[in-house]
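Q: Need coordinates for the below:
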Amino acid sequence: MQTDAGSGRNTVWLEIGRDVLAVDAGEGKSPSGTAPRYRLATGAGRGAKTPAIVLRPARRDGDGDDDHAPIVFESGFPLSAGDREVVLFDLGRCTTAGDAVVWMPQEKVLVTGLLVSAGRVEASPASDLTAWAAALERLQNLEPSIVIPGRGPVGGAELLAGQLDRLTTLAANVEEGLIAGRSVDEISSDLSDTWFLDWRRDEPAAAEAALQAVVDRVAGLQPPWELMEERRLREGPSPTSHDEGWTRPTKVLWRNYWPDKLPLLAQVAPGVEIVPFESSEEALRAVGDADAIVGTATLELLEAGKKLRWVQVGSAGVERYLRIPQLGSGEVLLTNGQRLASPEIGEHVMALTRALARGLDRAVAAQSKGVWLRSEIASSAPLVRLRGKTMLVVGLGGIGTEVARLASAAGMRVIATRSSRRSGPSFVDRVGLSEDLLEFAAEADVVANCLPLTPETEDIFDAEIFSAMRPTAFLINVGRGGTVDTDALIAALESGQIAGAGLDVTDPEPLPADHPLWNVQGVIITPHYAAWSDVGRERRWLLFRENLRRFVAGERLLSVVDPERGY
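A: Got it, this is the predicted structure:
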């Protein structure tokens, strides 16, 4: 390891057989004079020309020109020779737009780059503080004996713990200061941590720039990367400032889900009156001169809000909102919560699928009666191994793509249909259009319905589809209840046309206590909570706040609903 005298950054040279991997080494040579075969920048960043972390093969003549094509690698990419191995992990956005670390499993040595920097929190406008903290927690699970940070002396696992503590404490102090209405200078003056005081004394410009980056991130003045990159939320077709007669908004009604965070909204909507409300009645009294409502929409509110230009709701399904004339016509812009809960819903699909495949519905019923029915459960319906089976994902959007990814990871073959094109991600074996649904359903062992409810999808799962499905197949519905003909589903289950169904949504909904669907064998019903999780509220906060910032600034909003398409 060497330390660059100018930048203070650590350079690491790793010998792998006859080859050398240079980490954060610029264009230099190894201490032995050997030209590196590979160069890795641990904070390579992402952009139009660098779509992922890259490992750049260097020329072997030692002239330093990295003119060979870069290797774009996935997490866990190994370089090995004999008994020497290093593994490169792509961590995505943490301290920079793209971070990587190097792990030597035999020696238990971890090279972190600026993910860990002794006595500092080297945040930048590209940092994602949440992902950074999560990455540090994951790396602690490696239990490294030696940690080589991007800056500062070599240490052990305590360097990871120290960096995590500095990061989380600084973010908490900044949030506390912003909620209290303090300025950046006041927050800086209030910080009493020794590491920050030392850093500000030695390199005041760098310390204050990093603090400003944390402030901007906590305040919502930087894009929420986890929504833009992880959830891939789409921007609307045009900035709101391009709308005819646009003026800067002055009043926004805000559903008060996060009362403790209300003061933070002043950062993204300066000069705008934010009116928190707990109920539709409260909102109705204040909506007359409001420019927007964040958190709910009713016909009464839209009729009373004569100045309304934008409504934000939290759900992905918007069929009930589009029945409101002002939203259905596009007169008032509607944004929703599409893609926010895709990971949770994907997990719910797999949970329902596995429960049906392994007879958990029958086991839980027996447990509730306190009886041991081992043979009866195993013989009443086949217990299925999912690995190698085929899952059909109907509706390959945000939710469907996550379902497909998880099914593929479970060893299933995945096929899918979508309304737009016959292409999809690499983990989907074949993609068809809506017109191919009948053909695709005939070859699936599990059919996952992820469709929104539109005039085109209403009752699309009818008797014809069920008759085409295999008698051993399961239907999983996390889309909308109205996309399934409930009577046809009951008939298919009772006649043995299909083996079972896992339903998070039903038609009608809520399902009445006397509805026959409750008593059909082979059905698992969860009361429409697939999207709920311990992190759902935080994602919704990030979306609502970011769209408020964009609306006030006249920018393109995220997750704009197309009234004609219905989603």
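Q: how close does the closest residue to residue 378 other than its chain neighbours sit to residue 407?
A: Spatially, and ignoring its direct neighbours in sequence, residue 378 is nearest to residue 359 (7.2 Å; CB to CB, 6 or more residues apart in numbering). All C-beta atoms are positioned from the backbone trio N, CA, C, and that covers glycine. Counting by CB to CB, to the nearest Å, the gap from residue 359 to residue 407 is 20 Å.
Q: Between the two, tell me which one has more neighbours.
A: residue 407 (27 against 21; other CB atoms under 10 Å).
Q: Do I have it right that the residue nearest to residue 378 meets residue 381?
A: Yes: between residue 359 and residue 381 a contact is recorded at 6.5 Å, counting by CB atoms under 8 Å.
Q: Packing partners of the helix ranked longest in the chain?
A: Secondary structure of the chain per DSSP state H: the longest helix is helix 158-179. Here helix 158-179 touches strand 109-117, helix 129-140, strand 146-151, helix 184-190, helix 204-219, going by 3 or more CB pairs under 8 Å, 6 or more residues apart in numbering; DSSP states H and E.
Q: residues in contact with the residue nearest to residue 378?
A: Contacts were defined as CB atoms under 8 Å, 6 or more residues apart in numbering; by that measure residue 359 touches 377-378, 380-381, 383.
Q: In terms of distance to residue 159, which of these ranks first?
A: residue 383 (48.3 Å; CB to CB).
Q: now the closest one, what's its secondary structure?
A: Recorded secondary structure, residue 383: coil (DSSP: H, G, I helix; E, B strand; the rest coil).
Q: I'd say it and residue 358 touch.
A: Yes: using CB under 8 Å, residue 383 is in contact with residue 358, at 5.9 Å.
Q: Tell me which of those two has more neighbours.
A: residue 358 (15 against 12).
Q: Show the pLDDT at the more buried one.
A: pLDDT, residue 358: 96.
Q: what's it in contact with, if anything?
A: 383-384.
Q: now do 7 Å
A: Listed by CB atoms under 7 Å, 6 or more residues apart in numbering, the contact partners of residue 358 are residue 383.
Q: separation between it and residue 381?
A: For residue 358 relative to residue 381 (CB to CB), the value is 11 Å.
Q: got the contact list for the closest residue in space to residue 294 that isn't next to it in sequence?
A: Leaving out its chain neighbours, the residue that sits closest to residue 294 by CB to CB, 6+ apart is residue 312, at 4.5 Å. Contact analysis of residue 312 by CB under 7 Å, 6+ apart lists 294-295, 335, 544, 547.
Q: give me that answer again for 6 Å
A: 294, 335, 544, 547 (CB atoms under 6 Å, 6 or more residues apart in numbering).
Q: beta partners for the second one?
A: By that I understand residue 335. residue 312, residue 560 (DSSP bridges).
Q: and it, how many neighbours?
A: 24.
Q: Just to check, it is in contact with residue 556?
A: No: taking contacts as CB atoms under 6 Å, residue 335 lies outside contact range of residue 556: 10.6 Å.
Q: List the buried residues in stretch 318-336.
A: 318-319, 321-322, 324, 326-328, 332-336 (16 or more other CB atoms under 10 Å).
Q: actually stretch 265-282, not the one I typed
A: Buried residues in stretch 265-282 (16+ other CB under 10 Å): 265, 267-269, 272, 274-277, 280.
Q: gap between the two ends of that stretch?
A: Stretch 265-282 has an end-to-end distance of 20 Å (criterion: CA to CA, to the nearest Å).
Q: One more: stretch 515-534?
A: 31 Å.
Q: Please enumerate residues in contact with it?
A: Here stretch 515-534 has contacts from 341, 344-345, 348, 352, 355, 361, 478, 490, 493, 500-505, using CB under 6 Å, 6+ apart.
Q: Does the nearest residue to residue 23 once chain neighbours are set aside belong to a helix, a strand or coil?
A: Nearest non-adjacent residue to residue 23, counting by CB to CB, 6+ apart: residue 12, 4.2 Å away. Following three-state DSSP, we place residue 12 in the strand state.
Q: okay, and the common contacts of residue 358 and residue 381?
A: With CB under 6 Å, 6+ apart as the test, residue 358 and residue 381 reach no residue in common.
Q: If you count neighbours, what's buried in stretch 247-260?
A: Buried-residue list, stretch 247-260, by 16+ other CB under 10 Å: 249, 251-256, 258.
Q: Mind putting these into a markdown table with secondary structure, pLDDT and distance to residue 429?
A: A markdown table is the format used below for the buried residues of stretch 247-260 (DSSP: H, G, I helix; E, B strand; the rest coil; pLDDT from 0 to 100; distance: CB to CB, whole Å):
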| residue | secondary structure | pLDDT | distance to residue 429 |
| --- | --- | --- | --- |
| 249 | coil | 97 | 47 |
| 251 | strand | 98 | 51 |
| 252 | strand | 98 | 46 |
| 253 | strand | 98 | 47 |
| 254 | strand | 98 | 45 |
| 255 | strand | 97 | 42 |
| 256 | coil | 96 | 46 |
| 258 | coil | 96 | 42 |
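Q: and residue 402, that one's in a helix?
A: Yes: the assignment for residue 402 is a helix, going by three-state DSSP.
Q: Now the residue nearest to it when sequence neighbours are not counted: which helix or strand?
A: Of all residues beyond its chain neighbours, the one nearest residue 402 is residue 346 (3.5 Å), with distances taken as CB to CB, 6+ apart. Using DSSP states H and E, residue 346 maps to helix 342-357.
Q: Following the chain onward from that helix, which element is next?
A: helix 360-369.
Q: quick check: angle from that next one to helix 342-357?
A: Between helix 360-369 and helix 342-357, the angle comes out at 70 degrees (axes from the mean of the first three to the mean of the last three CA atoms, to 10 degrees).
Q: what is the mean pLDDT for stretch 224-235?
A: For stretch 224-235, the mean pLDDT works out to 90.
Q: for it, which positions count as buried?
A: So for stretch 224-235, counting by 16+ other CB under 10 Å, buried means 224-231, 233.
Q: Quick check: of the residues you listed, which lies closest to residue 391?
A: residue 231 (22.1 Å).
Q: Mind telling me the two of the buried residues of stretch 224-235 farthest from one another?
A: 225 and 233 (10.9 Å).
Q: ok so, going back, which one of the buried residues of stretch 247-260 is nearest residue 90?
A: residue 258 (32.7 Å).
Q: give me phi/psi at the closest residue to that closest one other than its chain neighbours?
A: Distance criterion CB to CB, 6+ apart; nearest residue to residue 258, sequence neighbours excluded, is residue 541 at 5.6 Å. Taking degrees, to the nearest 10, you get phi -60, psi -50 for the backbone angles of residue 541.
Q: so who does the nearest residue to residue 412 once chain neighbours are set aside touch?
A: Of all residues not flanking residue 412 in the chain, residue 391 sits nearest, at 4.9 Å (CB to CB, 6+ apart). Each residue near residue 391 by CB under 6 Å, 6+ apart is listed here: 407, 412, 414, 446.
Q: Among those residues, which are located in helices?
A: Reading helices off the contacts of residue 391 with DSSP H, I get residue 407.
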